[in-house]
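Novice: Here is a sequence together with a model predicted from it:
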Amino acid sequence: MTSTAIAVSGLRKAYGDKVVLDGIDLEVRAGSVFSLLGPNGAGKTTAVNVLTTLLKADGGTVRIAGHDVETETKEVRAVIGVTGQFAAVDELLTGQENLRMMADLKGVGSAEGRRVVTELLERFDLVEPARNLVSTYSGGMRRKLDLAMTLVGRPRIIFLDEPTTGLDPRSRRTMWEIIRELVADGVTVFLTTQYLDEADQLADRIAVLDQGRLVAQGTSEELKRQIPGTHVRLRFTTGAELDAAARIFTGSTRDDEALVLRVPGDGGTRSLRALLDRLDEYSISAEEFSVHTPDLDDVFLALTGHSTEAAAK
């Protein structure tokens, strides 16, 4: 696989007059987590369906591990795995039987299949319930089994379409750890989510999708720095120091009870150095300082005009 696992250019998809994907461009580095962030209805699942050969695009190009999704469908399917919003498991089979069935479908030999099934049951902490019907599994257990089934063929690129939707906090954290382990093994993960904290925790790069258009791309920190609101927090030991600092930094806000001054800035090293030099110039000493940036919710609100929660309604 090349250093670029997924390359998308000018991707378009419409249903009648409704444009779902409007000229999407993105690139995903191999061995990384790329998160497509957006509310329900933004076009995330449609994008995944096109990238995984399940849906034909109306325009643009998509290459997965160097293979064109339209002309090299078989090659693309051989290197990817897909886990959707709803666990695609057979409730009338046990967890072990589901995995064995997937091994058979992938053409894994019987001896190798048994080894792979045992390994995945252990990896996903499903050994104890392995012989129970999946109909008795919790939502978190079903999601883990679904992802385990996806890994039977050892795909190097995995598409996770809102994998933690509806899960309790503990199950979500478990899924996050599994995703981190996959990436540590060199797997590329394309993750769609409407959860800001999920993208913040997991993604090396994030693309914000709103009404079919990518409105921003970058690392979490890069996106946060695009939004006004970054400031340096200075805490002092005396009110006199706070007063003196407030006089030299116009536009700052103060918290007299906490002896804290918040000074607007971009959070960069150059502006931070200038701020500290200014304090030295006036012989003012801050007990501590820290840079605070907007979170992804602030980013999404600024870019789209609404929060993900409001947009999902």
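Specialist: Happy to help now that I have it.
Novice: For the helix or strand Val183 falls within, list every residue counted as buried.
Specialist: Using DSSP states H and E, Val183 falls within helix 169-184. The neighbour-count check on helix 169-184 (16 or more other C-beta atoms under 10 Å) flags Ser171, Arg172, Thr174, Met175, Trp176, Ile178, Ile179, Leu182, Val183 as buried. Quick note: C-beta positions are derived from backbone N, CA and C, even for glycine.
Novice: And for it, what's in contact with it?
Specialist: With C-beta atoms under 8 Å, 6 or more residues apart in numbering as the test, helix 169-184 has contacts from 31-33, 124, 138-140, 143-144, 147, 151, 158, 160, 163-164, 167, 189, 191, 198, 201-202.
Novice: if we can go back for a sec, biggest separation within the buried residues of helix 169-184, which pair?
Specialist: Among the buried residues of helix 169-184, the pair separated by the greatest distance (C-beta to C-beta) is Ser171 and Val183, at 19.2 Å.
Novice: Show me the strands in the stretch 201-313 of the chain, by range?
Specialist: According to DSSP state E, counting those that start in this stretch, the stretch 201-313 of the chain carries its strands in the segments 205-210, 213-218, 231-235, 253-255, 260-264, 288-292.
Novice: my bad, the stretch 51-200 of the chain
Specialist: Using DSSP E, counting those that start in this stretch, strands in the stretch 51-200 of the chain cover 59-64, 67-68, 80-83, 157-161, 188-193.
Novice: In terms of pLDDT, where does the residue of the chain positioned farthest from its centre sit?
Specialist: For the chain, the residue at maximal distance from the C-alpha centroid (C-alpha atoms, centre = their mean) is Ala240, at 45.3 Å. pLDDT, Ala240: 96.
Novice: Against Asp280, how distant is it?
Specialist: Applying C-beta to C-beta, to the nearest Å, the value for Ala240 to Asp280 is 17 Å.
Novice: cool, and Met141?
Specialist: 58 Å.
Novice: Of those two, which one has the most company?
Specialist: Met141 (21 against 9; other C-beta atoms under 10 Å).
Novice: Would you work out how far apart the start and end of stretch 27-46 are?
Specialist: End-to-end distance of stretch 27-46 (C-alpha to C-alpha, to the nearest Å): 17 Å.
Novice: again with stretch 248-268
Specialist: Note: stretch 248-268 ends 20 Å apart using C-alpha to C-alpha.
Novice: Quick one: mean pLDDT for that stretch?
Specialist: 90.
Novice: Could you check that stretch and say which residues are buried?
Specialist: Neighbour-count burial for stretch 248-268 [16+ other C-beta under 10 Å]: Phe249, Ser252, Arg254, Leu259, Val260, Leu261, Arg262, Val263, Pro264, Gly265, Gly267.
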